[in-house]
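In: I would like the atomic coordinates for the input below:
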Amino acid sequence: MSEQLVSRVKRLVSGGVNSVVDAVENATPEMVMKEAIRELESATDQVRDELGKILANKHLASRRLMDANAKHETLTGQISLAVDEGRDDLAEAAIARQMDLESQIPVLEGAISDASNEEAELEGYIEALQARRREMEEELSAFKESRESETALTEDGEIAASGNAERKASKAERAFDRVMRDASGLPGSGGTGRQDAAKIAELETLSRSNRIKERLAAAKAQTGEEAK
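Out: Numbers count the residues shown, from 1 in each chain. Have a look, this model is predicted:
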């Protein structure tokens, strides 16, 4: 989730609307409270959208991980068969594919773990926003009741009731203080010469070839032991 949305959620959950009441000319507390609730609903929808994306990515990563593990297991059997048949070329190809899968599996597991953490965080934000909305609706209801009581009072009680209503309105405004304030790659690597880059690539190829041969030798040794 973007830092901007995180900041917006935190402000909405912890803030109020008193500053907006002061800033908006001719705005009544009730209007500002309703706008604050709409702002909360909008933020909740945004977080839900983010949660949907995270769940989709998690599902995709989980499926790819399952496929990678299944292919790795299948290749293990194929390597044994190739060794039994004396087809080192086929065994080397299968080992190379296994190594590719082994490099992907930890990344996929990390992606799933990260997605699970983000999922829990976003669900927590949604719950907090919904709880804050319920509080705001209660405050708005109390404010409306105070205004209705003020209107229903007799002329003799208007002065005292007016003061009481103002206190309630002030309390409601303070409860919404600051709610309506607007929520306002990878590090580069040093360059290397073309010759150095070619040497590094050659070294990586040589290292990979050696690892394949080591795995092939281990597979042959294991097959020989099983034959005994």
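
In: Any idea which helix or strand in this protein has the lowest mean pLDDT?
Out: In the chain, no helix or strand scores lower on mean pLDDT, DSSP states H and E than helix 18-23, which sits at a mean of 45.

In: so what does the lengthiest helix in the chain touch, helix or strand wise?
Out: Secondary structure of the chain per DSSP state H: the longest helix is helix 88-152. Other helices and strands packing on helix 88-152, by 3 or more Cβ pairs under 8 Å, 6 or more residues apart in numbering; DSSP states H and E, are helix 3-14, helix 29-84, helix 158-175, helix 194-227. Placement of C-beta: from N, CA and C, glycine included.

In: With mean pLDDT and distance to residue 110 added, can I get the ones you listed in CSV?
Out: Below are those laid out as CSV (pLDDT from 0 to 100; distance: least, Cβ to Cβ, whole Å):
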stretch, mean pLDDT, distance to residue 110
helix 3-14, 71, 21
helix 29-84, 90, 9
helix 158-175, 49, 42
helix 194-227, 76, 22
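
In: can I get these in JSON lines with mean neighbour count?
Out: Listed next are these as JSON lines, based on neighbours: other Cβ atoms under 10 Å:
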{"stretch": "helix 3-14", "mean neighbour count": "16"}
{"stretch": "helix 29-84", "mean neighbour count": "16"}
{"stretch": "helix 158-175", "mean neighbour count": "15"}
{"stretch": "helix 194-227", "mean neighbour count": "12"}
